[in-house]
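Novice: Structure of the sequence below:
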Amino acid sequence: MVLTLVLAPSSLQAMKVIKRGDSIGVFYVTKITGAESDGVKPGQRLCYRCRFGTRPMVMLFARQADERLDVVVRHLDRLVAENQESKLKGLVTLIGESQETLEREALGLLNRSGVKEIPLAVATEQGVRANQYQLPKEADVTIVIARDSRVLRTLVFDLDKLDFSVLDKELERLLK
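Specialist: Sure, this is the predicted structure:
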């Protein structure tokens, strides 16, 4: 299966997406599941971005939590596991209107994907937008790659059109 990343520069500029050099601000989520060894209990509200500090991180924000997201989440979980020496951290945050629905979707995502290294959390879109993340409503997924509390790259795509080689290349740059 060949997947293609959708990153039309003109549409990204029009969307005012958080971009390279921007500071990554505080945003609160509720951990639902995953990352059992991170010391955070399910149901706990926190800022994972703050907890990760200046470490290299990949924050995935998703509006869809169906089987198509499972592949991306498994890939991210594997990358975090393989790069523990570099202290790479990852986080998946489901965004939407209904907290109850998001919690159910996060548990389903864990059951289908079997993630071990990354936490699955939920936040309302308003909570993320209020913190200047500027996540485009047009995209299924927005991935923010950061280090030293600054954005290195933002990837915006539909789940049907993702090229893992682009994500892997960006993570390779991040970990240099």
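Novice: Let me see the ranges of the helices in the chain.
Specialist: Taking DSSP state H to define them, one finds helices in the chain at 9-15, 48-52, 67-82, 99-113, 125-129, 164-174.
Novice: Would you mind saying which of those lies nearest residue 154?
Specialist: Of all these, it is helix 9-15 that lies closest to residue 154, at 7.8 Å by CB to CB. The C-beta positions use only the backbone N, C-alpha and C, and glycine is treated the same way.
Novice: Give the rounded mean pLDDT of that closest one.
Specialist: Averaging pLDDT along helix 9-15 gives 43.
Novice: same thing with stretch 113-125?
Specialist: Averaging pLDDT along stretch 113-125 gives 88.
Novice: hmm, who's touching it?
Specialist: When contacts are defined by CB atoms under 8 Å, 6 or more residues apart in numbering, stretch 113-125 is touched by residues 27-36, 38, 40, 48, 70, 73-74, 76-77, 80-81, 89-97, 99, 102-103, 106, 109-110, 135.
Novice: for stretch 18-34, the distance to its chain's centre please.
Specialist: How far stretch 18-34 lies from its chain's middle: 8 Å, per CA atoms, centre = their mean, to the nearest Å.
Novice: With only the CA atoms kept, save that stretch in PDB.
Specialist: Presented in PDB, the C-alpha positions along stretch 18-34 are these (Å, rounded to 0.1, in the frame of the first residue of the first chain):
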ATOM      1  CA  ILE A  18       1.600  26.300  14.000                       C
ATOM      2  CA  LYS A  19       4.900  26.400  12.200                       C
ATOM      3  CA  ARG A  20       8.700  26.000  12.500                       C
ATOM      4  CA  GLY A  21      10.100  28.100  15.200                       C
ATOM      5  CA  ASP A  22       6.800  28.700  17.000                       C
ATOM      6  CA  SER A  23       6.800  28.000  20.700                       C
ATOM      7  CA  ILE A  24       4.800  25.000  21.800                       C
ATOM      8  CA  GLY A  25       2.500  26.100  24.500                       C
ATOM      9  CA  VAL A  26       0.800  24.500  27.400                       C
ATOM     10  CA  PHE A  27      -2.300  22.500  26.800                       C
ATOM     11  CA  TYR A  28      -4.100  20.100  29.100                       C
ATOM     12  CA  VAL A  29      -5.400  16.700  28.300                       C
ATOM     13  CA  THR A  30      -6.800  13.800  30.200                       C
ATOM     14  CA  LYS A  31      -4.800  10.600  29.900                       C
ATOM     15  CA  ILE A  32      -7.100   7.700  28.900                       C
ATOM     16  CA  THR A  33      -4.700   4.800  28.400                       C
ATOM     17  CA  GLY A  34      -1.300   3.700  27.000                       C
END
